[in-house]
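Enquirer: Fold the following.
(one chain, ligands or ions: 2)
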Amino acid sequence: MGIGSAVLAANSINRILAEVINPQTLVIGNIRYGMIHDETRCIGCRACILACHKVNQVPAEVTRLDILDNVTYRELNKNSRQFVRKSCQHCDNPPCVEVCPTGASYKDPKTGIVDVHHDRCVGCRYCIAACPYHVRFIHPLSKTADKCNFCRDTNLAAGKPPACVAICPMKALTFGNLDDPDSDIAKLIASKTVYRNKLYLGTSPKLYHIAGKFGEIRG
Ligand code: SF4
Ligand code: SF4
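Expert: Numbering: from 1, shown residues only. Ligands and ions are numbered 1, 2, ... in the order given. Prediction:
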């Protein structure tokens, strides 16, 4: 191989590596992003919600994520509170994608992130009705379906973790590649008691929760 061919080959390899190496996890190959919310660490400060609104320019009257006060827990454990994250689960089998008549709702094959092509969305609300986790809404300005996309077009595109993960003062949120056994998220799932919501529906959600100390494990 001549010097010119060698340089061309090296450039091609560098370009391919640049496309598949994720800046967060430095994993080569397919990525299947997920998130864990650690209920034993969360203090309910809602900084994650504010950061999401700011970074993703989400209007105040809607939200891509919520932090819910676990009322049952509070009643059972006097003077103690526990908070539960509610946001898109980035289902591996997403019903919102299946029902979408225009292909606007889709799962990105490179990252496993479920997202919306806003230019294809006609605002029919089928996906909102189909989502068993009740996390989608019509954006008041664009009039298209919207929800958490792990900051795919904002922080992730800039090589940063999702805004909620970056801001959390308690390090209650962990984001990363579920298919990389060396990632922080994979290690947490392997070492902690985790649960996911509504597994029985077959949606295969990728939002995990580390249950609070006295919490029940929900399937
Ligand atoms: Fe909980 Fe962290 Fe969100 Fe605060 S920023 S509510 S501690 S997850
Ligand atoms: Fe779709 Fe709802 Fe699953 Fe998110 S949680 S991927 S919006 S079905």
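
Enquirer: going forward, measure contacts between C-alpha atoms and count neighbours the same way
Expert: OK.

Enquirer: which parts of the protein sit against ligand 1?
Expert: 42-48, 168-170, 172-173 (CA under 6 Å from any ligand atom).

Enquirer: Go ahead and build a PyMOL selection from the buried members of the residues you listed.
Expert: Buried members of the residues of the chain next to ligand 1, defined by 16 or more other CA atoms under 10 Å, are picked up in PyMOL with:
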select buried, resi 42+44+46+47+48+168+172+173
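
Enquirer: of the residues of the chain next to ligand 1, closest to residue 102?
Expert: residue 48 (31.7 Å; CA to CA).

Enquirer: Quick one: classify that closest one as helix, strand or coil.
Expert: Going by DSSP: H, G, I helix; E, B strand; the rest coil, the secondary structure assigned to residue 48 is helix.

Enquirer: That one touches residue 171, doesn't it?
Expert: No: applying CA atoms under 8 Å, one finds residue 48 not in contact with residue 171, separated by 10.8 Å.

Enquirer: between these two, what contacts are shared?
Expert: residue 165 (CA atoms under 8 Å, 6 or more residues apart in numbering).

Enquirer: Please enumerate residues in contact with stretch 99-115?
Expert: Outside stretch 99-115, the residues that reach it (CA under 8 Å, 6+ apart) are 30-33, 90-92, 94, 96-97, 116-122, 126-127, 130, 147-150, 152.

Enquirer: Let me know the secondary structure of residue 98.
Expert: Applying three-state DSSP: residue 98 is helix.

Enquirer: Contact partners for it?
Expert: Residues in contact with residue 98 (CA under 8 Å, 6+ apart): none are found.

Enquirer: Would you mind measuring from it to residue 130?
Expert: Distance of residue 98 to residue 130, given as CA to CA, to the nearest Å: 9 Å.

Enquirer: and what of residue 190?
Expert: Between residue 190 and residue 130 the distance is 31 Å, computed by CA to CA.

Enquirer: contacting residues for the one residue sitting closest to the centre of the chain?
Expert: In the chain, the centroid-proximal residue (CA atoms, centre = their mean) is residue 150; its distance is 4.4 Å. By CA under 8 Å, 6+ apart, the residues touching residue 150 are 113, 156, 162.
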